[in-house]
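Build me a structure from this.
(chains A and B)
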Amino acid sequence: MFVKWIASLVVAINANNRAGEVAAGVSFALLLALVPSGNLLWFCLFVITFLIKIHLGAELLFLALFKLLAPLADGLLHRLGLLVLNQSLLADLFTRAYNLPLLPLSRFNNTVVMGGLVAGIVLWVPVFLLFRQLVILYRRSLRDRIAGSKLVKALGRVPLVATIGNAVRKIGGAAMSLR
Amino acid sequence: MKVPKLFKREIKERRFQKRILRRIYIESERDFLLRLYSREPERRYSRSPELSDEDAKRLKALARSIKKNRGVVRTGKFSLVAILVAAILVFNFAFKNRLLDRALERGLEAVFSAQAEVDGLDLRILAGRLFFSHMSVADKDQPLRNLFELGATEVDLNTGELLKGKVVLSNLISREIRWHTPRSSSGALPGERESEQAAEEAAAGRGGLSLNLGSLDAEALIDEQLANLGSPARIAELNGRLRDLQSRWQDSVEQAKADVDALAVRIDAVRSIDAGSLDTLPELQQAVTDIREAANAVNRVGEDLKEADRRIKADRREIASAREEFEAAIDADVAYLSSMSDLSSGELKTLVSDLVAGYLEQSLGSAYGYARKARGYAQRLVAGRKESRGKRDKVRRMQRGVDVPFAAVEYPRFLLENAAASLESPSRKIQGSVRNLSSNPDLIDRPLSFTFRQTAGEQMLAVEGALDSREKRDADLDLGVQAAGFTFKLSKGLEDLGLSSLATQYRFRTELSRSHPDSTVQGQGLLELYELELEPAFAQNQLGTILYETLGSLSKVDVSFDYTAASGKPIRVSARSNADTQLARVLEERFAEISAQYKDRIREELTARVASQIRENETLSRAFADLVESSDGNLADAAAYEAVLAEKRGEVEKRIADLRKQATDAVKSQLESQLEQLPLPKLKF
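The predicted structure is shown next:
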């Protein structure tokens, strides 16, 4: 599965796809990783990413990666969530939300959930811009240069990379033929 | 090869820039396109009409990627969501009610441990309305009866809370409530049917009404004290001895009879001797010999008979003595049993209280059983809440944070705020309500409370109470019951009181409380009996007459009572009555008569217990008396034979004497005649 996601990502950054789709996939992956799962909020965010045009391969690949790291940030997220939830200016809003149907199931009143949400939203834009720029940069400067390089050919002989290469050819098809 | 429509031969510059070039993100592809299309002076881009297959293929791939990069929503997946929504709507209209019907039945079955049926269920989610036309839940202890049955019922749900996963019933209206109605099929759940039979057997094993008057029940008293009584053992021992003697003396007496009969031949032979006809010496010698031999035989048999007679009469005396001892044992047993119930000091003086206490132990016991069931059901709701908390514990990351509370009405997983039901018919009116039935009473900080009121003519029954499952509580259950206008009838278990029936109207009220955590039930109440109707069993019964007269003279009998029940044990009731004092005074006055009557009752019962043995004893005694009589007859026969022999002996001796005299006289006269012929000198002076 990881091979498929990696191959899908390789195809995406090399084919005529919007760079923003890949970047949005990574940003949403970070957001979903920071928000603990098992609540309505996480489920809704996850469903939304399936309905909008972002790169799912990138999202799932980076989600798996960020999920491993996210618990390390729980302390920070708790403090951030506590700070947000204890804001007197927002208290009225939160109280109303808490009394609304369904919303409490999002567990937004949990400090780690709220911290993860806020951090995810705040980081969403910079991560998006960063990865978008990286993809553009890759396409402008590296893509054509490494396409037929000796290094790539040498890496292609490494079993894992060869497997990924096969998957790329399988998924890429016509898109890759654009090269 | 056909070129995609997007790449027409001529394209306006604006369109080319905005729709095509802007959506190509790869430099090499952009260059390829600009190589194909050249800019015309009329602000147009155009390409040569002839394209190679390779270029056409590349344009086709480009067109596909440009199309794909359009927009931000995935229309395919969005359509899937739309289909999902449509499926939910279809489910709502087609399957929701059926599934909810099953779920509700399963839920009720889990709570009540018996089959539940729900018909005509209709749930309107947005309106928060639940309706069903009929619901029945079987009684797990009596599977062929329903614990309760509801007719058309409407429930108002708090939909907001339902969306939070909480069932909050703000109101519940139900008509045609019935309970303890018969079922056409068993309501036991599979796996619990085995216990059904055991429950029926247990019910069958329960006796009828048992009054708390054990010491006045002669039969029960004898049963209880049987091991300490002497008379049953005495009569058994006496009958055993009689049977031994019977078998032993039967043979002896018959042998003696045979011996006597054998003597009769000899005696007849002797009797046939005609002493007057005995003339010769041999005849006389033969007669004497016969008589002597017969006499020897008679003497021998007579001695045996006398010895046997002595012994059988000794046995008869012994049996008579044992019989007297048995009679004395009966007297002793009656005295002992009478002493076991001290009529002067207790039981009869609290007769009314004991009578009522026995009745209350049964009726309160069954009512308390219902209350315990209700409490058990409430506890299951709370237990369910704890289970769901356990499931939540699996979520780990959220536990690293804290849930910040916000001001909100926090509802438990299940809450029935108010439920009211009524049933009104020309003859009966029933009203009931339940408030604060909750899966988390601690959260709402209110105990479950309920009321019930039934009126039918002059009869009234009202129940109100509270079932508390909160962690910090003083009592599990508070219950108040009031009843008026009911009739209390007893026709069984009154025999020992000398009454055949007792009927009265009563008013009743009680309050009970089950403490926490020791689960001890304590309660008190008052029973007012009025319009008492008593019927004595028979006129001669003193106790019955006294009860009849004393209780009949009272216009009202008040019985106040207290009761307790430790956890898992039956209820114990102690009662006090204003009739007890009056009854005790009358009883004291007539204690001797009652005591004698009670003794007679015990004697009668005790005699009845050994009646079969007494009958056997009489049969055996008669048989033994016959044996003694036969023995006497044998002895008499032997004596008669002795008399016959004595008479014959006399006759023969007389005949011998006569013959001797005759011979002497003959010899004398012959001698005299010979003397006269002798020439003897005569001396004369």
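
For residue 43, which residues are in contact?
All of this is about chain A. If you count contacts by Cβ atoms under 8 Å, 6 or more residues apart in numbering or on different chains, residue A:43 has none. No exception for glycine: its C-beta is placed from N, CA and C like everyone else's.

I was thinking of chain B, sorry if that wasn't clear
Contacts for residue B:43 (Cβ under 8 Å, 6+ apart) come out as B:12, B:13, B:14.

Next, count neighbours for the spatially closest residue to the first one that is not a sequence neighbour.
Spelled out, it's residue B:12. Leaving aside its chain neighbours, residue B:12 sits nearest to residue B:44 (5.9 Å; criterion: Cβ to Cβ, 6 or more residues apart in numbering or on different chains). Residue B:44 has 17 neighbours, counted by other Cβ atoms under 10 Å in any protein chain shown.

so who does residue B:44 touch?
B:10, B:11, B:12, B:13.

Reformat the contacts of residue B:43 as TSV; add neighbour count and secondary structure.
Converted to TSV, the contacts of residue B:43 look like this (neighbours: other Cβ atoms under 10 Å in any protein chain shown; DSSP: H, G, I helix; E, B strand; the rest coil):
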residue	neighbour count	secondary structure
B:12	14	strand
B:13	14	helix
B:14	10	helix
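
Can you pull the phi/psi pair for residue B:8?
phi -70, psi 170 (degrees, to the nearest 10).

next one: the one 3 residues further on
As for residue B:11, its main-chain torsions (degrees, to the nearest 10) stand at phi -130, psi 140.

so what pLDDT did it get?
Residue B:11 carries a pLDDT value of 88.

Pick out the residue in the stretch 551-685 of chain B sitting closest to chain A.
Distances between the stretch 551-685 of chain B and chain A by Cβ to the nearest Cβ are smallest at residue B:567, namely 40.2 Å.

What is the nearest of the contacts of residue B:44 to chain A?
The closest of those, once distances to chain A are taken by Cβ to the nearest Cβ, is residue B:11, at 18.1 Å.

Which residue, neighbours along the chain excluded, lies closest to the closest one?
Nearest residue to residue B:11 in three dimensions, chain neighbours excluded: residue B:45, at 5.0 Å (Cβ to Cβ, 6+ apart).

ok, residue B:140 - contacts?
B:112, B:113, B:114, B:147, B:187, B:188, B:189, B:192.

helix or strand for the residue of the stretch 551-685 of chain B closest to chain A, which one?
Following DSSP states H and E, there is no helix or strand that holds residue B:567.

My understanding was that it contacts residue B:520; is that so?
Yes - if you go by Cβ atoms under 8 Å, residue B:567 and residue B:520 touch, sitting 6.8 Å apart.

Of these two, which one has the most company?
When residue B:567 is set against residue B:520 and neighbours are counted by other Cβ under 10 Å, the residue ahead is residue B:520, at 15 against 10.

Over to that one: give its phi and psi.
phi -90, psi 130.

what's the spacing between it and chain A?
Distance of residue B:520 to chain A, given as Cβ to the nearest Cβ, to the nearest Å: 42 Å.

Disregarding residues adjacent in the polypeptide, which is nearest to that residue?
residue B:566 (5.6 Å).

What pLDDT is listed against that neighbour?
81.

just checking, it touches residue B:515?
No - with contacts counted by Cβ under 8 Å, residue B:566 stays clear of residue B:515, the gap being 10.7 Å.

what's the neighbour count on residue B:136?
21.

If we ignore the residues flanking it in sequence, what's nearest it?
Excluding the flanking residues, the one nearest residue B:136 by Cβ to Cβ, 6+ apart is residue B:149, at 4.4 Å.

Kindly report the same for residue B:313.
Among residues not flanking residue B:313 along the chain, residue B:628 sits closest, at 6.9 Å (Cβ to Cβ, 6+ apart).

quick one: contacts for the one you found?
Going by Cβ under 8 Å, 6+ apart, the list of residues near residue B:628 reads B:312, B:313, B:316.

Next, give phi and psi for it.
Phi and psi for residue B:628, reported as degrees, to the nearest 10, are phi -60, psi -40.

Report how many residues lie close to residue 88.
Going with chain A. When counting by other Cβ under 10 Å, one arrives at 6 neighbours for residue A:88.

actually it's chain B I care about, not the one you picked
Residue B:88 is flanked by 11 other residues according to other Cβ under 10 Å.

And the pLDDT at the residue nearest to residue B:12?
pLDDT, residue B:44: 86.

who does it bridge with?
residue B:12, residue B:40 (DSSP bridges).

any idea how far it lies from residue B:4?
18 Å (Cβ to Cβ, to the nearest Å).

Residue B:113 now?
For residue B:113, the distance to residue B:4 - Cβ to Cβ - is 71 Å.

Between the two, point out the one with more neighbours.
Higher neighbour count among residue B:113 and residue B:4: residue B:113, with 21 against 15, using other Cβ under 10 Å.

excluding its backbone neighbours, what's nearest the more buried one?
residue B:140 (4.5 Å).

again, but for residue A:82
In this structure, residue A:82 finds its nearest non-sequential neighbour in residue A:111, 4.6 Å apart by Cβ to Cβ, 6+ apart.

end-to-end on stretch B:21-29?
9 Å (Cα to Cα, to the nearest Å).

picking that back up, where does the residue nearest to residue B:113 sit: helix, strand or coil?
Following DSSP: H, G, I helix; E, B strand; the rest coil, the label given to residue B:140 is coil.

Phi first, then psi, for it.
According to degrees, to the nearest 10, residue B:140 has phi -70, psi -30.

so what secondary structure elements neighbour the strand or helix carrying residue B:289?
In this assignment (DSSP H and E), residue B:289 forms part of helix B:281-340. In terms of contacts (3 or more Cβ pairs under 8 Å, 6 or more residues apart in numbering or on different chains; DSSP states H and E), helix B:281-340 is packed against helix B:218-225, helix B:231-271, helix B:591-609, helix B:611-677.

what's the neighbour count on the closest residue to residue B:439 other than its chain neighbours?
Closest residue to residue B:439 apart from its sequence neighbours, by Cβ to Cβ, 6+ apart: residue B:414 at 4.0 Å. For residue B:414, the number of neighbouring residues by other Cβ under 10 Å comes to 18.

One more: residue A:138?
14.

Please tell me how far it sits from residue B:463.
From residue A:138 over to residue B:463 the distance is 81 Å, taken as Cβ to Cβ.

Over to residue B:516?
Residue B:516 sits 21 Å away from residue B:463 when distances are taken as Cβ to Cβ.

for residue B:133, same thing?
27 Å.

the more surrounded of those two?
residue B:463 (18 against 13).

What residues of stretch B:470-478 count as buried?
Buried residues in stretch B:470-478, counting neighbours by 16 or more other Cβ atoms under 10 Å in any protein chain shown, are found at B:470, B:473, B:475, B:476, B:477, B:478.

Just to be sure, the last one is in a strand?
By that I understand residue B:478. Yes - remark: residue B:478 belongs to a strand, assigned using three-state DSSP.

Name whatever forms a beta bridge with it.
residue B:466, residue B:513.

do you know how far it is from chain A?
From residue B:478 across to chain A, the span is 34 Å (Cβ to the nearest Cβ).

show me where chain A has helices.
Applying DSSP state H to chain A gives helices spanning A:2-14, A:19-34, A:40-51, A:56-69, A:74-85, A:88-99, A:111-137, A:143-147, A:150-155, A:159-172, A:174-177.

what's the closest of these to residue B:286?
helix A:40-51 (143.5 Å; Cβ to Cβ).

Excluding residues flanking it in the chain, which one is nearest residue B:420?
Excluding the flanking residues, the one nearest residue B:420 by Cβ to Cβ, 6+ apart is residue B:433, at 4.4 Å.
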